[in-house]
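**Student:** Just need the structure, nothing else, for what follows:
(chains A, B, C and D)
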Amino acid sequence: MAEVVRREVVYALTAIITVIMIADFFLAIPQVNAVAGELRTWATIISTMALTLGAVNIIRVHSRNVRKRVPGVWYHSAFLVFIFALVTLLGLTNIDNPSANPVYKWLFDHAYVSLGQTWYAITGFYIASAAYRAFRARNIDAALLLIAGIFVMLMNAPIGEVIWAQIPAIGRWFNDVGQVPAMRTFLIVAAFGLLAFGFRTLLGRERGFYGEVA
Amino acid sequence: MSQETIWDRLQRIDRRVIYWLLFILLILPFLRPLGLPISISPQSRSLLEGLRKLKEGDVVVINISSGVSAWPECLPSLVAVSKVLIQQKAKIIYWTSFVDGHMTFEKIVEKVPGFKGLTYGVDYVHLGFYTGAEPTVAQLATNIRAIFTTDYKGTPIDQLPIMKGVNSAKDVKMVISSDTGDYGDYYIRQWRIPYGVPFAEIGIAMLFSNYQPYWPEIVFGMTGGAKGGAELEKLIGEPGDATVTMDAINTSHLLVVVAVILANLGYAATRRRR
Amino acid sequence: MGYPTTIDGILGIWTALALMLFVYSYPLYKENQLFRFAEHLFIGLSLAIAAIIAIQTTKRLAITPLMEGKVYYIVPILLGFMMYLILHRDYRWVSRYPIAILVGSSIGLGMRGTIIPNILSQIIATITPPKPGADATAWFNFVYIGIGTILAVMYFLLTFEHKGPLLYPTRLGRWVIMIGLGAYFGNTVLFRMAMLSGRAQFLLQVLGLVPF
Amino acid sequence: MIVAGRQTAFVFLIVTVALFYIFLEMARRGRRIPIRTFPAIAAIPEAIGRCAEMGKPLLYTSGYAMETLSNPDQGPQTLASISILSHVARLAVKAGVKLYYFTCIRDSLPLVEETLRTAYLEEGKPEEFDPLQINYQAGQSPYLNAVLGFMQRERPAANILMGGFYYESVVMGEGGNTIGAMQIAGTANTHQMPFLIATCDYCLIAEELYAASANITQDPWVLGCLRGEDIMKIVILALLIVGFVISFTGTTFLIDVLKR
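**Tutor:** Okay, here's the model as predicted:
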């Protein structure tokens, strides 16, 4: 019995909710629309409450580093847990408007914004060095990719027009027309991938979500 | 050791040399701007035309699904679009799926002088944060009050005049989304298609390719990152941050293009020798 | 927003600059303790803002309505807490119920939503000819996109061997896909370099060489 | 009955799901569903041969993939990568090549260890499996550093980068290039495909990753769906070709049906 409750009932519940959502779209039945709407609100509540699940997991990993005094790592982890606790407490002083707290606001206006933008841009370095040391036209595929890429890059940079007057027109062709067949095909293929994945989930075959692997 | 050509030596330049070269090349244009003209793409032009069709009192939703970390790419488009919407006297509802979205909203209000003559809660409002991916976006289309019971400061939603009579996609004239990820797809699948709400994408440049197949039938207008922002700034005649960024793009792009060409000439030379 | 005048403002931008240099000390020099410090500070701050906003939103989204009469909201709230049992090996199965609601609604909305915009509309857009009186380039582009899409979709036939009649069309199809990925690559470089330009500008702004 | 403007979509959904079910049943009853050969998979023996010849290890990694199996877009890519890992591991053990697996996805570790242990068992060398061949690092940066460090120290002759990659693909692709390794990649993340194609010798793109993995696992569910998807792609090809040809005559009959 326990096994059924733990597996089969869950897959049945997933399938029923999936069918309700599909019926809500194709059939104009008010009761179905109401149930689907309520389920979507519940999904939002569950997702919102689960937001700190990631935080709990990461804090657990770093707390273990501190407990075990993992060399070279534990003091960074201790600092992370300390910052998390301090800033969360600062925010809780005024939950409706946390940035009313000057220290909280200062930390986010300066440390968080700078670190976020710095981190997000770090790939620019890697692209520049990879462009020089790794992007090779080793076959026709890579050659076509690099040629189209260079024209789009020179179209995006205002200096492209200075190098050769035709560059913006060619670069724009790649952007407006050249890439459409490929991107359109990726949309179609991804759509079928999603339908297949949904079909297998409907019949309880895709179990990656539930933490147990097929 | 076979006779080492110039190409082989060039191949072994240390990575850090390229990183330093890039960072220096990024700094120079800010000190001595080139001021080269920016070409306008048809996608940005169609976005502006769509915005100009809005009439006074039309309710427009701006979805902020890009973080503080993407400001150099996404903030200029958000600022330019907000300026045009204020000129059209539209009512603007901001909401965000990023935990730091309120900082983006406050930055937009700071950078758009037009907000000074308007009243928060009557002409524009920020309803705050939501999460939950496609189910939440779909529920917003049918019942906004199920997801937002207050604005981002905690004021109950029914005390906001702008929200009177506005509770679903049927009451919204247009959705404009600034994305770094998938939320634009959710608005296309749950707002644009079922309810026909005009949709525009003003996210990072990378997403320009993802949404190009939808243009113009499903996505009426698009801007691609900082370049799109600079185009909008030029179209509305108010140069801003993106215009400065685009001026600095030249040197970094030249470095990448020259690097690829140089490396491949070397590769072709060594391959012919082998 | 000009150059800050208050103490905390000046201290703020110099802290921001220091943290930026700590992070870029990794690619520009090598991995070091300052880089690790900045990395852990950023993770700590990110988790804190997520926790604060999560608590704030849960209060507004579920707790307040519950207090004001929506008693049945106790069910989704309980389901929300059940999610945390995924951390406990013995009670992990309990978290499958709230996950079922998330997965069921996401899959259902995805399956129903993807067909029109990602399949039907793409077909319609590909077979809609240019308006009468359109110039030659419009027709050339229409033919390129039409034939290109047909070849690229052919390339993604996965249970048919790409030989015989399929050999050349699928090879052309892969080339068409490579052109598309090339444009994608070009736009990605613009995205990353614009971000990095923003950082270079910030360095100059803090040093006072460029206005804020 | 069906809401206007969504009727053709409804027919599409029903036909697609029906095809999935038909081919699933056929696959379950043992009917073989062939998957086309992919140059990237066909090159794996060559890559392993190169490792054996040069006496160097093989590096296999499945990307950042949001550090969890439960992500609906990245989880399936990691699982597909691990299926391909079982094929690669078996060939590696047979050729006496040492395979090192790098990951930052904690909840995939049990499956990875089980996959490698089975591969060694089936090749009759269970004692050769060493759990240290699996290198787990929490976080994207530590994971990336571990892979780059391994590349510099051990200089593997071949790298296999299959799975849900994010920006680390550029750095790993470049790292592999500079040590002259043969590289085979595969991902369904569109944003990383250009970088893997430009830096690696072979690359599986989009659905090919799932098809290659299904060909190895012979999972009837995935094979059935792939066949159903292909039939629908043929239907779409027919619609595209017919629609394209009649578009020159100006009739919009097909467009109107698709819009119904």
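**Student:** Number of residues surrounding A:Arg40?
**Tutor:** Neighbour count for A:Arg40, taken as other C-beta atoms under 10 Å in any protein chain shown: 30. All C-beta atoms are positioned from the backbone trio N, CA, C, and that covers glycine.
**Student:** which stretch of helix or strand covers it?
**Tutor:** Using DSSP states H and E, A:Arg40 falls within helix A:30-67.
**Student:** check contacts around the closest residue to D:Glu53 other than its chain neighbours.
**Tutor:** Leaving out its chain neighbours, the residue that sits closest to D:Glu53 by C-beta to C-beta, 6 or more residues apart in numbering or on different chains is D:Ala157, at 7.6 Å. For D:Ala157, the contacting residues are D:Ala47, D:Arg50, D:Cys51, D:Glu53, D:Met54, D:Lys56, D:Pro57, D:Leu58, D:Ala181, D:Met182, by C-beta atoms under 8 Å, 6 or more residues apart in numbering or on different chains.
**Student:** Please flag which of these sit within helices.
**Tutor:** D:Ala47, D:Arg50, D:Cys51, D:Glu53, D:Met54 (DSSP state H).
**Student:** Pipe those into CSV and attach neighbour count per row.
**Tutor:** Shown next, in CSV, are the ones in helices among the contacts of D:Ala157 (neighbours: other C-beta atoms under 10 Å in any protein chain shown):
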residue, neighbour count
D:Ala47, 25
D:Arg50, 18
D:Cys51, 23
D:Glu53, 11
D:Met54, 15
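**Student:** Nearest to C:Leu158 among those residues?
**Tutor:** Using C-beta to C-beta, D:Ala47 comes nearest to C:Leu158 of the ones in helices among the contacts of D:Ala157, at 22.3 Å.
**Student:** Hmm, the closest one is touching D:Met182, no?
**Tutor:** Yes - D:Ala47 is within contact range of D:Met182, at 5.0 Å (criterion: C-beta atoms under 8 Å).
**Student:** Report the contact partners of the residue of the stretch 151-260 of chain D found nearest chain C.
**Tutor:** Nearest residue of the stretch 151-260 of chain D to chain C (C-beta to the nearest C-beta) works out as D:Gly243 at 3.1 Å. Taking C-beta under 8 Å, 6+ apart, we find D:Gly243 in contact with C:Ile123, C:Thr126, C:Ile127, D:Leu254, D:Ile255.
**Student:** if you set the cut-off to 7 Å instead, what comes out?
**Tutor:** If you count contacts by C-beta atoms under 7 Å, 6 or more residues apart in numbering or on different chains, D:Gly243 has them with C:Ile123, C:Ile127, D:Leu254.
**Student:** what helix or strand does it sit in?
**Tutor:** helix D:220-247.
**Student:** Distance from that helix to the middle of the chain?
**Tutor:** 22 Å (C-alpha atoms, centre = their mean, to the nearest Å).
**Student:** so C:Leu204 sits in a helix?
**Tutor:** Yes - assessed with DSSP: H, G, I helix; E, B strand; the rest coil, C:Leu204 lies in a helix.
**Student:** what about the closest residue to it other than its chain neighbours, how many neighbours?
**Tutor:** Excluding its sequence neighbours, the residue lying closest to C:Leu204 (C-beta to C-beta, 6+ apart) is C:Val210, at 4.0 Å. Applying other C-beta under 10 Å, we find 17 other residues in the vicinity of C:Val210.
**Student:** May I ask you to confirm that C:Val210 is in contact with C:Gln201?
**Tutor:** Yes - the pair C:Val210 / C:Gln201 is scored as a contact, 6.4 Å apart, by C-beta atoms under 7 Å.
**Student:** Now for the two: what residues contact both?
**Tutor:** In contact with both C:Val210 and C:Gln201: B:Phe30, using C-beta under 7 Å, 6+ apart.
**Student:** how close does the residue of chain C found nearest chain D sit to A:Pro181?
**Tutor:** Minimum separation of chain C from chain D (C-beta to the nearest C-beta) falls at C:Ile127, amounting to 3.1 Å. Distance, C:Ile127 to A:Pro181, using C-beta to C-beta, to the nearest Å: 13 Å.
**Student:** any idea which element the residue most central in space within chain D lies in?
**Tutor:** Centroid-nearest residue in chain D: D:Leu209, 2.5 Å away (criterion: C-alpha atoms, centre = their mean). Using DSSP H and E, D:Leu209 maps to helix D:208-217.
**Student:** packing partners for that helix?
**Tutor:** For helix D:208-217, the elements it packs on are helix D:75-94, strand D:182-187, helix D:220-247, judged by 3 or more C-beta pairs under 7 Å, 6 or more residues apart in numbering or on different chains; DSSP states H and E.
**Student:** Check the model's average confidence along that helix for me.
**Tutor:** Across helix D:208-217, pLDDT averages out at 94.
**Student:** how far off helix D:75-94 does it point, in degrees?
**Tutor:** Here helix D:208-217 runs at an angle of 50 degrees relative to helix D:75-94 (axes from the mean of the first three to the mean of the last three C-alpha atoms, to 10 degrees).
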